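Novice: sequence first, predicted coordinates after that:
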Amino acid sequence: MYVVIYSFQVKNGLEKSFEEAWKEMTKLFRDFAGSLGSRLHKGEGNLYIAYAQWPDKRTWEVLSKK
């Protein structure tokens, strides 16, 4: 398994849109690109930390280079 960690600073007022977009993208990556899913966590203020799981680094690299 390969795990990628992301952090995002989301603009005020766009938190719900960001959360919905993350949810939809995770579903697309899982259904069509081989992702094993992801988790999104909200920190202080508008900081979000997420991790995405992939079966291996190569699967993630192929997608990330497109």
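Specialist: Arrived safely, thanks for sending.
Novice: and H41, what element?
Specialist: If you go by DSSP states H and E, H41 is part of strand 37-42.
Novice: residues of that strand that come out buried?
Specialist: Within strand 37-42, the residues scored as buried using 16 or more other Cβ atoms under 10 Å are 38, 40. The way it works is simple: take the backbone N, C-alpha and C, and place the C-beta from them, glycine included.
Novice: ok, now stretch 57-66?
Specialist: Applying 16+ other Cβ under 10 Å to stretch 57-66 flags W60 as buried.
Novice: hey, C-alpha coordinates of it in PDB?
Specialist: Provided in PDB are the C-alpha atoms of stretch 57-66 (Å, rounded to 0.1, in the frame of the first residue of the first chain):
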ATOM      1  CA  LYS A  57       3.300   3.900  -5.700                       C
ATOM      2  CA  ARG A  58       3.200   3.200  -9.400                       C
ATOM      3  CA  THR A  59      -0.600   3.300  -9.600                       C
ATOM      4  CA  TRP A  60      -0.500   6.800  -7.900                       C
ATOM      5  CA  GLU A  61       2.400   8.000 -10.100                       C
ATOM      6  CA  VAL A  62       0.600   7.100 -13.400                       C
ATOM      7  CA  LEU A  63      -2.400   9.200 -12.300                       C
ATOM      8  CA  SER A  64      -0.400  12.100 -10.900                       C
ATOM      9  CA  LYS A  65       1.500  12.500 -14.100                       C
ATOM     10  CA  LYS A  66      -1.600  13.000 -16.300                       C
END
